[in-house]
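J.: Sequence and predicted structure below; questions after.
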Amino acid sequence: MSNFSIYNIDAWAASTNYTKNKIVIINNLYYYCLIPHISSNFVTDLAAGYWGGQISDNGENKPYFFWKSSYRATVDNEPKIKKIQFGDGYTQRLNDGINNILPSIDLTFENIDLDETTSILHFLEVRSGSESFIYLPGAPRGILSRWVCERWSDIQNFYNNYTITAKFDRSIT
């Protein structure tokens, strides 16, 4: 059971027993434990796949949202277009910008325990709805890309069982 919160994050330390979803900070970056382990050297532990939460994107270090949602993700597409209506009933439509289709995905994380809930909520709160992060949506849109999350909610269903809903909007920055 969780003994940490989204507001009380420890610095990474050697010779520490880390449990899955434990959050640490090192070099002003947050990491989330993927595999329970006793730490030795952070670089070695990171290379071994013990930690997640950061990824390189076009030479820039970016936060990485790696948690897997439940099924039933809803994707909304609303292309940005410029529309001109002529008097004879004719309408002309043009793409508004280069990236005029930026989808939104409504995600649900169901039946997750307190530790995973804490990690996901921490990740979202640190981004504060304004910082983009890397996310890999499911097929057929399965490519690492930048997203922002301006809205999420969490529900405690019963003891140690939570549901999180979040809306991810595709971002180009």
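T.: Arrived safely.
J.: make it CA atoms for all contacts and neighbour counts henceforth
T.: Noted.
J.: can you pull up the bridge partners for F109?
T.: I164 (DSSP bridges).
J.: what about it, distance to D45?
T.: 27 Å (C-alpha to C-alpha, to the nearest Å).
J.: Between the two, tell me which one has more neighbours.
T.: F109 (20 against 16; other C-alpha atoms under 10 Å).
J.: Confirm that E131 sits in a strand.
T.: No: read with DSSP: H, G, I helix; E, B strand; the rest coil, E131 is coil and lies in no strand.
J.: Excluding covalently adjacent residues, which one is nearest to it?
T.: V148 (6.4 Å; C-alpha to C-alpha, 6 or more residues apart in numbering).
J.: so how many other residues sit close to the one you found?
T.: The burial count for V148: 23, using other C-alpha under 10 Å.
J.: So for the strand or helix carrying it, mean pLDDT?
T.: According to DSSP states H and E, V148 maps onto strand 145-158. On average, the pLDDT along strand 145-158 is 96.
J.: what about dumping the CA coordinates of that strand to CSV?
T.: Extracted in CSV, the C-alpha atoms of strand 145-158 (Å, rounded to 0.1, in the frame of the first residue of the first chain):
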residue,chain,number,x,y,z
SER,A,145,3.8,12.0,-30.2
ARG,A,146,3.4,15.1,-28.1
TRP,A,147,0.2,15.6,-26.0
VAL,A,148,-1.2,17.9,-23.3
CYS,A,149,-3.7,17.0,-20.6
GLU,A,150,-5.8,20.0,-19.4
ARG,A,151,-8.5,17.9,-17.7
TRP,A,152,-8.6,14.8,-15.6
SER,A,153,-10.5,13.3,-12.7
ASP,A,154,-10.2,10.5,-10.3
ILE,A,155,-12.7,8.4,-8.4
GLN,A,156,-12.1,6.2,-5.4
ASN,A,157,-14.4,3.2,-6.2
PHE,A,158,-13.6,1.4,-2.9
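J.: which parts of it are buried?
T.: S145, R146, W147, V148, C149, E150, W152 (16 or more other C-alpha atoms under 10 Å).
J.: Go ahead and confirm N160 touches L114.
T.: Yes: N160 lies in contact with L114 (C-alpha atoms under 8 Å); the separation is 5.3 Å.
J.: neighbour count winner among the two?
T.: Shown here are N160 and L114; by other C-alpha under 10 Å, L114 has more neighbours (21 against 14).
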